[in-house]
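Visitor: dropping a prediction and its sequence here:
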Amino acid sequence: MIPPRLTWLLPPPIDPPPVLSGFSPPVATLLARRGIRTDAEAVRFLNAGASDLPPVSLMTDADAALARIDRAVRDGESIAIWGDYDADGMTAVAVWVLALRTLGVEPIRYVPSRLAEGYGLSGDGLRSLAERGVRLVVTCDCGIGNVAEVALARELGMDVVVTDHHVPPAVLPDAVAVVDPHRVDCSYPNPDLTGAGLAFRLATELLVRRGTSAPDLAALAAIGAIADVAPMTGESRAIVRLGLAELATTTHPGLRGLVALAAADPAGPTARDVGFGIVPRLNAAGRIADAELALDLLVASDQTAADALLAELEVVHARRQELTRVAMSRARELAAAASGSHPLALRDDEWPAGLLGLVAGRLADELARPVAAATLVEHEIRGSVRAPADFDVTVGLHACTAHLLQHGGHAAAGGFSVAPDAWDSFVAAFAALTRPLPEDPATTLAQPDQIGVDLVLPARYVTWALLEEIAGLAPFGAGHPDPVLAVTGLTVGDARRVGADSAHLSLRLRKGLETIDGIAFGLAEDRPTPEPGSAIDVLATLESRTFDGEHRLQLRLVDYASADASPLVGRRRAVPEPRPLPVAS
């Protein structure tokens, strides 16, 4: 008997199931559980697109920002686009570059060095731009906290337009315009835009006012939105849908090459392809090499140059994967010594600074607790924080201000720096923060080894028709994840360990006379393998696979359990016992 590895959080039944036109009862139930209960709500959610983008003028300072950029274009002023070294920041810069090229302007691109300058505007960088004759600096995905640096830019004779999506400080920079949907005086209805999403909206509006357009801007913005885990429920969902459509048909040499590497079907790339294939490659450059490598690829117009850049990026990506494996091994060792569920701060001065966000994020997911990962960079300790939804990172770092040199970010992620002699006091202050943060008795705390279930289904419902309906709900992401199905009534036809280290489990599962493939990745060595002929319940997402030209349904297993040890025992409908045959007299 095999028990489940995880705690299955089963949803309460909805009986009778809701009725939505064009949807089977299981998918209608899924949508209802995600707050979509009417045909009108379903149509608007599933068909989100250009018509769902609110007027840019609703953003405070947006018109002032566009007027200043338009004047710079018209007067032939030198424009610099200042970005960040992550995928959201780089795609935001690329959006502006491609848009301004359409207007006949080649802007100066500036992405600071992660180690030498750190995040945001820097004095040295601004001075170098002033020496090159720059008159206007447009920030992407940064700048909201750079009060002193914006003041310096003005002294150097440069105007600054700040476009950012991080939580603003109490005092805003004295810039020509500060566009941030999180400003308290901003009435824009969708504050979930990422840096690239904000660049897309502003740059597109500039082009519209100029009576023109540019390709691939939505594609770049979609990559940034997925990279920064924007919710797939609002404006970012509309941008991602537009962007995935552009990626499917793009002629941009860099984007086309990335899609070819990342997508199982380059003619139909998915948010998953972007999140697990394109984003890590772009981030690899900023994490362990030079962000300019990825940025050069995103703005490349020559196929030969793009191919060379892509090959170089692949080498960097492979190196990043190896460094991440080593860093995560060490992080898990450090975390094992710290029990409890309080916020956890870890430090290893051998960790590359560019991997801190990855380490913190993966450990936060594994432990279901806030994690700060830090390393010594020259004379200060720099760190990144990631956390479950029950902990607002910005609020947490603000509460530790007394121990920090700098900090910033948003609800799910942030960064900070601390003096070496203040590290221990920061660790203690961070660990003392309560959960949930801010306090809210209605908030459910994340727990390790728990997984939410979207639908409980008998195996007979697992069909190609169900897969088609679920695929129609894409793109999936934060706030609208790929549905997790709890499937009962399966029998194991075959089960075997596969992979170089036998780390994966391949199954052939029977439902009546039909079979479904199953795959469980990254299985622990001590996890029992189901016996052929045994009854099994599984937690999985539903997908398709192609092998030797044959298309097959596949369950990507998250967990499994013997039928008699399954959490679904109580949810199975009782089946009447067969009546005994009459005894012949």
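Guide: Received, thanks. Nothing here was measured: the structure is a model prediction, and the numbers come from that model.
Visitor: Gln554 sits in which helix or strand?
Guide: strand 550-562 (DSSP states H and E).
Visitor: note down every partner strand of that strand and its orientation.
Guide: Paired strands of strand 550-562, with direction, are strand 514-520 (parallel), strand 535-547 (antiparallel) (DSSP bridges).
Visitor: got the CA positions of it in PDB?
Guide: Listed next in PDB are the C-alpha coordinates belonging to strand 550-562 (Å, rounded to 0.1, in the frame of the first residue of the first chain):
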ATOM      1  CA  GLU A 550       1.700   9.000 -32.300                       C
ATOM      2  CA  HIS A 551      -0.200  11.500 -30.200                       C
ATOM      3  CA  ARG A 552      -1.100  10.300 -26.700                       C
ATOM      4  CA  LEU A 553      -2.800  11.600 -23.600                       C
ATOM      5  CA  GLN A 554      -0.400  12.000 -20.700                       C
ATOM      6  CA  LEU A 555      -0.900  12.700 -17.000                       C
ATOM      7  CA  ARG A 556       2.100  14.600 -15.600                       C
ATOM      8  CA  LEU A 557       2.000  13.300 -12.000                       C
ATOM      9  CA  VAL A 558       2.400  15.500  -9.000                       C
ATOM     10  CA  ASP A 559       1.600  12.700  -6.500                       C
ATOM     11  CA  TYR A 560       0.000   9.200  -6.400                       C
ATOM     12  CA  ALA A 561      -1.300   6.800  -3.900                       C
ATOM     13  CA  SER A 562      -2.800   3.300  -3.700                       C
END
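Visitor: need the contact partners of that strand.
Guide: 1-6, 8, 451, 462-464, 467, 484-485, 487, 505, 507, 509, 516-521, 530, 534-546, 567 (C-beta atoms under 8 Å, 6 or more residues apart in numbering). C-beta coordinates here come from the backbone N, C-alpha and C atoms, glycine included.
Visitor: with stretch 6-22 instead?
Guide: 25-29, 31-33, 36-39, 42, 447, 449-456, 486, 539, 558-559, 567-568, 571.
Visitor: burial count for Pro54?
Guide: Number of residues near Pro54 (other C-beta atoms under 10 Å) recorded here: 13.
Visitor: with mean neighbour count as added columns, please give the strands paired with strand 550-562 in TSV.
Guide: TSV is the format used below for these (neighbours: other C-beta atoms under 10 Å):
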stretch	mean neighbour count
strand 514-520	19
strand 535-547	19
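Visitor: where does pLDDT dip in the chain?
Guide: Scanning the chain for pLDDT under 70 picks out 573-585.
Visitor: among the contacts of stretch 6-22, which lie within helices?
Guide: Within those, residues falling in helices by DSSP state H are Pro25, Pro26, Val27, Ala28, Thr29, Leu31, Ala32, Arg33, Asp39, Ala42.
Visitor: check which residues of the helix or strand Glu333 falls within are buried.
Guide: Assigned by DSSP H and E, Glu333 falls within helix 303-336. Within helix 303-336, the residues that count as buried by 16 or more other C-beta atoms under 10 Å are 306, 309-310, 312-313, 316-317, 320, 323-324, 327-328, 331, 334-335.
Visitor: please apply the same query to stretch 91-99.
Guide: Counting neighbours by 16+ other C-beta under 10 Å, one finds that the buried residues in stretch 91-99 are Thr91, Ala92, Val93, Ala94, Val95, Trp96, Val97, Leu98, Ala99.
Visitor: ok, now which ones touch the residue nearest to the spatial centre of the chain?
Guide: Of all residues in the chain, the one closest to the mean position by C-alpha atoms, centre = their mean is Val229, 2.8 Å from it. For Val229, the contact set (C-beta under 8 Å, 6+ apart) comprises Ala412, Ala413, Gly477, Ala478.
Visitor: and Ala402, what does it touch?
Guide: Residues counted as contacts of Ala402 (C-beta under 8 Å, 6+ apart) are Ala429.
Visitor: my bad, Gly414
Guide: Residues near Gly414 by C-beta under 8 Å, 6+ apart: Ser384, Val385, Val393, Thr394, Gly396, Leu397, His407, Gly408.
Visitor: can you tell me the helix or strand for the fourth one?
Guide: Spelled out, it's Thr394. Going by DSSP H and E, Thr394 is part of helix 393-399.
Visitor: identify the farthest-apart pair in the contacts of Val229.
Guide: Ala413 and Gly477 (15.0 Å; C-beta to C-beta).
Visitor: the more surrounded of those two?
Guide: Neighbours were counted for Ala413 and for Gly477 using other C-beta under 10 Å; Gly477 has more, 22 against 19.
Visitor: for that one, which non-adjacent residue is spatially closest?
Guide: Met232 (3.8 Å; C-beta to C-beta, 6 or more residues apart in numbering).
Visitor: so that neighbour lies in a strand, does it not?
Guide: No: counting by DSSP: H, G, I helix; E, B strand; the rest coil, Met232 falls outside a strand, being coil.
Visitor: mind starting the numbering at 52 from now?
Guide: OK, 52 is where the count begins now, so the last one is Met283.
Visitor: what's the burial count for it?
Guide: Met283, neighbours per other C-beta under 10 Å, totals 25.
Visitor: now it: phi and psi?
Guide: Torsion angles at Met283 (phi, psi; degrees, to the nearest 10) stand at phi -90, psi 50.
Visitor: surely it meets Gly326?
Guide: No: using C-beta atoms under 8 Å, Met283 makes no contact with Gly326, being 10.8 Å away.
Visitor: so for the two, which residues contact both of them?
Guide: Gly528.
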